[in-house]
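**Q** only geometry, no sequence info:
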């Protein structure tokens, strides 16, 4: 029990007196300049080639799945002919 109390005191002391390290993230200002630049490119494409590929793949999947859903609805709306 004594060890448990000592451990609790040590844990409280290290958490409460821990100094927070300040570090500067140099990528954030660069990204802010890139995304806030008024060059006519939509914000979802300003990330470069990877963003363009993800956007196109998403649009293709969306259009394809929408067409498939409409096809399935059309097939479900017509009864099957019985011989």
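**A** Okay, I see it. The structure presented is a predicted model; accordingly, all values stated were derived computationally and were not measured. Numbers count the residues shown, from 1 in each chain.

**Q** Regarding residue 39, what are the backbone dihedral angles?
**A** The phi and psi values for residue 39, taken as degrees, to the nearest 10, are phi -120, psi 10.

**Q** Contact partners for residue 78?
**A** Under the criterion of CB atoms under 8 Å, 6 or more residues apart in numbering, the contact list for residue 78 is empty. No exception for glycine: its C-beta is placed from N, CA and C like everyone else's.

**Q** residue ranges with poor pLDDT in the chain?
**A** 11-21, 83 (pLDDT under 70).

**Q** And the helices in it?
**A** For the chain, applying DSSP state H gives helices covering 2-16, 27-36, 49-77.

**Q** Check which helices and strands the shortest one sits against.
**A** It refers to helix 27-36. Of the remaining helices and strands, none touches helix 27-36 by 3 or more CB pairs under 8 Å, 6 or more residues apart in numbering; DSSP states H and E.

**Q** The last one now?
**A** On a contact count with 3+ CB pairs under 8 Å, 6+ apart, helix 49-77 meets no helix or strand.

**Q** Only the buried residues of it, if you could.
**A** For helix 49-77, the neighbour count (16 or more other CB atoms under 10 Å) marks no residue as buried.

**Q** any idea how far it is from the chain center?
**A** The chain centroid and the centroid of helix 49-77 are separated by 20 Å under CA atoms, centre = their mean, to the nearest Å.

**Q** From here on, call the first residue 20.
**A** Done: numbering now begins at 20, and the last item shifts to helix 68-96.

**Q** ok so, going back, out of the helices of the chain, which gets nearest to residue 61?
**A** Set against residue 61 and scored by CB to CB, these come closest in helix 68-96, at 8.8 Å.

**Q** Now render the helices of the chain as JSON lines, adding distance to residue 61.
**A** Listed next are the helices of the chain as JSON lines, based on distance: least, CB to CB, whole Å:
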{"stretch": "helix 21-35", "distance to residue 61": "45"}
{"stretch": "helix 46-55", "distance to residue 61": "11"}
{"stretch": "helix 68-96", "distance to residue 61": "9"}
